[in-house]
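Enquirer: predicted structure and sequence below. I'll ask about it afterward.
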Amino acid sequence: MTQPIEVKDVERAGTFQLTGAAEGEALVFSQPLSFWGGIDAETGNIVDRSHPGLGQNVAGRVLIMPSGRGSSSSSSVLAEAIRRGTAPAGILLEWPDPILAVGAIVAEFLYGISMPLVVCDIAGIGSGERIAVGVREDGGASVRKI
């Protein structure tokens with residue numbers, strides 16, 4: 001019997017909300033996460049008691065979820081986590097999120113630290129898989145399982 005071969009490096013095209021490159025282990029959630037009250041910027045730990053990711057750490061991982069979840073203060077928490085090195089290496093979303101985009105843009109402007117924020121198809125990506133985000137020749141986002 002023939003076993004199916006999983007092709008890991010199939011590229012997905014995406015749109016950048018903030019351009020950059022990143023690589024890391026995927027942390028996938030089916031529901032949005034708020035950075036305000038949901039993430040501890042000092043540690044990167046998820047502290048929202050109502051979120052299924054409670055206790056997990058986002059630092060250095062590629063955070064994947066449908067969208068961000070509210071509070072305009074999430075942008076300041078994300079910027080602070082980027083400054084401290086406790087933020088995700090990158091974030092993939094199904095829908096654009098202006099609040100997370102502001103946090104990532106402010107961190108890049110103030111601290112010179114870039115964290116890519118990409119809108120793309122996130123279906124079929126599982127927690128624990130290694131993900132690479134890059135810039136395509138046309139300026140769009142490239143997302144691959146590696």
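Expert: Okay, I see it. Numbers count the residues shown, from 1 in each chain.

Enquirer: strands along this structure, start to end?
Expert: Ranges of strands within the chain are 11-18, 22-28, 62-65, 90-93, 117-119, 130-135, 141-145, based on DSSP state E.

Enquirer: out of those, nearest to residue 55?
Expert: strand 22-28 (12.0 Å; C-beta to C-beta). Where you see a C-beta, it was placed from the backbone N, CA and C, and this is true even at glycine.

Enquirer: quick check: buried residues in the closest one?
Expert: Residues 22, 24, 26-28 are the ones in strand 22-28 that count as buried (16 or more other C-beta atoms under 10 Å).

Enquirer: nearest to residue 90 among those?
Expert: residue 22 (3.5 Å).

Enquirer: thinking the closest one is in contact with residue 135, fair?
Expert: No: between residue 22 and residue 135 there is no contact under C-beta atoms under 8 Å: 10.9 Å.

Enquirer: so which of the buried residues of strand 22-28 is the closest to residue 10?
Expert: Of all those, residue 10 sits closest to residue 26, with 14.7 Å by C-beta to C-beta.

Enquirer: ok, the residue nearest the centre of the chain - contacts?
Expert: Centrality entry for the chain: nearest residue to the mean C-alpha point is residue 91, 1.4 Å, by C-alpha atoms, centre = their mean. Counting by C-beta atoms under 8 Å, 6 or more residues apart in numbering, residue 91 makes contact with 62-65, 100, 104, 115-118.

Enquirer: rerun at 10 Å
Expert: By C-beta atoms under 10 Å, 6 or more residues apart in numbering, the contact set of residue 91 is 17-18, 22, 27, 33, 58, 61-65, 68, 78, 97, 100-101, 103-104, 115-119, 133.

Enquirer: same thing with residue 102?
Expert: Contacts for residue 102 (C-beta under 10 Å, 6+ apart) come out as 17-18, 72, 74-76, 78-79.

Enquirer: let's see the PyMOL selection covering just the buried ones among those.
Expert: Only the buried members of those enter the following PyMOL selection, criterion being 16+ other C-beta under 10 Å:
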select buried, resi 17+18+74+75+76+78+79
